[in-house]
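Structure here, sequence nowhere to be found:
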């Protein structure tokens, strides 16, 4: 599976969610996921910023290492949020 499909599945999104984000028709997302058309560079950049991943991730086949890196970054972000909340609450 390519990165775009991985993100849609793991984040429990729909093609329409990505289409709305990029202001494109929903069927176009399916063409990208199936490799029928490449994702234009300007859309890759927007996806990269929105999801915090390198642009090429969305078009390449996801490796086991990619999956591990992705979940590691998700966990690190969650831990960071909890630490920030504790600091704001005075460490309680």
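Here it is on my side, so go on. None of the values given here were measured: they were computed from a predicted structure.

Residue 54 is in contact with residue 73, correct?
No. The pair residue 73 and residue 54 fails to qualify as a contact (Cβ atoms under 8 Å) at a distance of 11.4 Å. Placement of C-beta: from N, CA and C, glycine included.

tell me the phi and psi of residue 61?
Geometry field for residue 61 lists phi and psi as phi -70, psi 130, criterion degrees, to the nearest 10.

so what's the residue nearest to it when sequence neighbours are not counted up against?
Ranked by Cβ to Cβ, 6 or more residues apart in numbering and with sequence neighbours excluded, the top spatial neighbour of residue 61 is residue 2, at 5.9 Å. The contact partners of residue 2, by Cβ atoms under 8 Å, 6 or more residues apart in numbering, come to 33, 35, 58-62.

middle-most residue in this protein, spatially?
The residue lying closest to the centre of the chain (Cα atoms, centre = their mean) is residue 51, at 4.1 Å.

And for it, nearest residue in space, chain neighbours not counted?
Nearest to residue 51 is residue 7, by Cβ to Cβ, 6+ apart, at 6.0 Å.

how much space between residue 60 and residue 3?
The gap separating residue 60 from residue 3 is 6 Å, by Cβ to Cβ, to the nearest Å.

Which one of those two is surrounded by more residues?
Taking neighbours as other Cβ atoms under 10 Å, residue 60 and residue 3 compare with residue 3 leading, 25 against 12.
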